[in-house]
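K.L.:
Quick one, fold the following:
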Amino acid sequence: MKKSAIITFALSASLLSACSNTSASSSKTKQVLNWFSAGEITTMDPALNNDVYGGEQLDATMEGLVRLGNNSKILPGIAKSWKESKDGMTWTFNLRKNAKWSNGEALTAKDFVYAWRRQVNPKTASTQSNKYSGIKNADAIVASKKPVSSLGIKAVGKYKLVVTLERKLPYFQLLLAGSAFAPQKQKFIEKAGKKYGTAAKYTLSDGPFVMKGWTGSNLTWKLVKNKYYWDKKNVKLTKINFSVQKSQSTSYNLYQAGKLDMTTLSASQSKSLKNQKGWQIKKSNRTQYLMYNFKTDKNLRNVNLRRAIAAAINKESLAKTLNLADIAATSLTPSGITDPVSGKEFSKEVVTKETKAIQSGTKAQAKAYYKKALKELGKKQITIKLLGDDTDDAKKTTEFIQSALESTLGMKVEVTNMPFKNRFAREEAGDFDVILDGWSGDYADPNTFLEMFQKTNVNNYGKWENAAYNKAIETSKTTTSSKKRWAELVKAERILLTQQGVTPLYYGNTATLINPKVKNITLKGAGLAYNFKGAYISK
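P.N.:
Below is the predicted model of the structure:
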């Protein structure tokens, strides 16, 4: 669900299962975890956050109706039980009466009603409003065609919530586990005003942890156990110390010194350390890509120029340069997402002879596309400006792309690397030509990737537009046939790849070292964020 810099998330298989004597092994051990974030937090407002860094903090401090366990298993959250109507259009949730906010106040159904209405209210300008598509009247409200009060959510007393859909959503319960659907306290938000989510003191939690020490710009903060959390007895960690670490050599040194419990590894580090205890690779539901700005650079509107750029970048070599686990991308939707009906893998279905020629093109193919582009544009040479983050992997990627385009095509590439928070601000403002970006899916379905590039989607910062693509995505959302839905999504991605609305680079998988004493950390959702709720430090 979230924008990302080049990030590194991994998980040791030994951490996935809880020890049967968890309490005994952890009761006498200091339950303090030292973790890191690869980038700065931009906001802690669930309606405005759109990146993995703030997302991980929100996942640890907020809880919605349900939680996700291992392998995306749906578990009770603030809702202790729920019922789906026979037609799948109405969901009734029974909330816990002992759920509270981190200030000790009771959490009730009206907190969900307020939060969801705030998310779709055009005045909020939420980056998450697209996720509400399919809930009754959500799209119309976002488009300012219906009042916020008409959203398909209703509180029945203090502890019952009824949600009405416009159409069946195969991934509805998975959506509910994300922070975009978490409750929000109206009184607290209205008192904080524009400061809400800008610093730790302007946040309010209902999840396992509470944020402390984040000022809005600093690079260290902590999460402490929420004493009012309804399931606090099963939260073993008392504190998680976070620090921003962009250099893999620095994070590795801190890990070796016992000051970090996890470090990500470069390709060279991973080769030499793969036999060390705690080394693991975790596949994540993430794709890194190049996004083009169709408004600021008219040259980039030329499809053959974009095809030339895509074909000139050897994605196999790029992936190996960065990490032993990264995989060259042949599609925007990463590998591992399969059709629930046929069992076919989506990323393989979308590949055609034409898309393969572009995504896995040779230097000769790249030059042919570039020659066409120059002729069509009436140019002898093209210069592009490439923007990326200042992490080690981002710098390596932009350097690789710069070298590939200049040596293969004779293009001139001007590279700028900056902190994620600044880079993302420029992306949101449309202040870029070509940007190195990434997306981590909220759930294992192609829709979480493909809907981003619809004409009106808030994440379509490059303003790419294709009528046939928009139509295919809309049809996939309205059809009642699962087979047709999948076919329309395949059609949409083939259009995107043929037109190179964005250029997929690689699927992000990462090698890490995790302290073997850290137990029972799971991954929330489709491999996006760590779930610290049940984690503990063993002897």
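K.L.:
Ala180 touches Lys131, doesn't it?
P.N.:
Yes. With contact defined as C-beta atoms under 8 Å, Ala180 counts as touching Lys131 (5.2 Å). Glycine gets a C-beta too; all of them are placed from N, C-alpha and C.
K.L.:
Those two: which has the busier surroundings?
P.N.:
More crowded of Ala180 and Lys131, by other C-beta atoms under 10 Å: Ala180, with 28 against 22.
K.L.:
For the more buried one, which three-state class applies?
P.N.:
Using DSSP: H, G, I helix; E, B strand; the rest coil, the secondary structure recorded for Ala180 is helix.
K.L.:
Chain neighbours aside, what residue packs nearest to Gly462?
P.N.:
Met291 (4.5 Å; C-beta to C-beta, 6 or more residues apart in numbering).
K.L.:
In terms of pLDDT, where does the one you found sit?
P.N.:
Looking at Met291, its pLDDT stands at 98.
K.L.:
Which of the helices or strands spans it?
P.N.:
In this structure, Met291 sits in strand 279-292 according to DSSP states H and E.
K.L.:
Note down every partner strand of that strand and its orientation.
P.N.:
strand 434-440 (antiparallel), strand 502-514 (antiparallel) (DSSP bridges).
K.L.:
Which one of those strands lies nearest to Lys277?
P.N.:
strand 502-514 (8.5 Å; C-beta to C-beta).
K.L.:
Toward the C-terminus from the closest one, list the very next helix or strand.
P.N.:
strand 518-519.
K.L.:
Neighbouring strands - and their directions - for that next one?
P.N.:
strand 536-537 (antiparallel).
K.L.:
starting at the chain centroid, how far to the strand it pairs with?
P.N.:
Centre-to-centre, strand 536-537 and its host chain are 26 Å apart (C-alpha atoms, centre = their mean, to the nearest Å).
K.L.:
Average pLDDT for it, rounded please.
P.N.:
Averaged across strand 536-537, pLDDT comes to 96.
K.L.:
what do you get for stretch 325-332?
P.N.:
Here stretch 325-332 scores 91 as its mean pLDDT.
K.L.:
With stretch 62-69 instead?
P.N.:
On average, stretch 62-69 scores 93.
K.L.:
same thing with stretch 460-480?
P.N.:
94.
K.L.:
cool, and stretch 356-373?
P.N.:
Stretch 356-373 comes out at a mean pLDDT of 95.
K.L.:
List the buried residues in that stretch.
P.N.:
357-361, 365-370, 372-373 (16 or more other C-beta atoms under 10 Å).
K.L.:
ditto for stretch 284-301
P.N.:
For stretch 284-301, the neighbour count (16+ other C-beta under 10 Å) marks 284-294, 297, 299-300 as buried.
K.L.:
next one: stretch 31-50
P.N.:
Neighbour-count burial for stretch 31-50 [16+ other C-beta under 10 Å]: 31, 33-50.
K.L.:
Could you do stretch 222-238 as well?
P.N.:
222-226, 228-231, 235-237.
K.L.:
Give me the subset of those lying in strands.
P.N.:
222-225 (DSSP state E).
K.L.:
Which among the strands paired with strand 279-292 is found nearest to Ala329?
P.N.:
When the strands paired with strand 279-292 are ranked by proximity to Ala329 (C-beta to C-beta), strand 502-514 comes first, at 3.7 Å.
K.L.:
Need the pLDDT of Gly527.
P.N.:
Gly527 is given a pLDDT of 49.
K.L.:
Turn the buried residues of stretch 284-301 into JSON lines, columns for distance to Gly207.
P.N.:
Converted to JSON lines, those look like this (distance: C-beta to C-beta, whole Å):
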{"residue": "Ser284", "distance to Gly207": "22"}
{"residue": "Asn285", "distance to Gly207": "22"}
{"residue": "Arg286", "distance to Gly207": "23"}
{"residue": "Thr287", "distance to Gly207": "28"}
{"residue": "Gln288", "distance to Gly207": "29"}
{"residue": "Tyr289", "distance to Gly207": "31"}
{"residue": "Leu290", "distance to Gly207": "35"}
{"residue": "Met291", "distance to Gly207": "32"}
{"residue": "Tyr292", "distance to Gly207": "38"}
{"residue": "Asn293", "distance to Gly207": "37"}
{"residue": "Phe294", "distance to Gly207": "39"}
{"residue": "Asp297", "distance to Gly207": "42"}
{"residue": "Asn299", "distance to Gly207": "47"}
{"residue": "Leu300", "distance to Gly207": "42"}
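K.L.:
Closest one to Ala60 out of the buried residues of stretch 222-238, please.
P.N.:
Minimum distance to Ala60 across the buried residues of stretch 222-238 is 5.5 Å, recorded for Leu223 (C-beta to C-beta).
K.L.:
State the distance from the closest one to Leu65.
P.N.:
22 Å (C-beta to C-beta, to the nearest Å).
K.L.:
repeat for Ala267
P.N.:
From Ala267 to Leu65 the distance is 41 Å (C-beta to C-beta).
K.L.:
Who has more neighbours out of those two?
P.N.:
Neighbours were counted for Ala267 and for Leu65 using other C-beta under 10 Å; Leu65 has more, 24 against 18.
K.L.:
dump the residue contacts of the more buried one.
P.N.:
77-79, 82, 93, 95, 112, 161, 176, 181 (C-beta atoms under 8 Å, 6 or more residues apart in numbering).
K.L.:
Sort out for me which of those are in strands.
P.N.:
Among the contacts of Leu65, the members found in strands (DSSP E) are 79, 82, 93, 95, 161.
K.L.:
quick one on the thing from earlier: alpha carbons only: can I get the strand holding Met291 in CSV?
P.N.:
Only the C-alpha atoms of strand 279-292 are listed here, as CSV (Å, rounded to 0.1, in the frame of the first residue of the first chain):
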residue,chain,number,x,y,z
TRP,A,279,21.0,-14.7,8.0
GLN,A,280,17.8,-15.1,6.0
ILE,A,281,16.0,-13.9,2.8
LYS,A,282,12.4,-12.8,2.9
LYS,A,283,10.4,-12.2,-0.3
SER,A,284,8.2,-9.2,-0.1
ASN,A,285,5.3,-7.9,-2.1
ARG,A,286,7.1,-4.9,-3.6
THR,A,287,8.2,-3.6,-6.9
GLN,A,288,10.8,-0.9,-7.6
TYR,A,289,10.1,1.2,-10.8
LEU,A,290,10.8,4.4,-12.7
MET,A,291,7.9,6.9,-12.8
TYR,A,292,7.9,9.5,-15.6
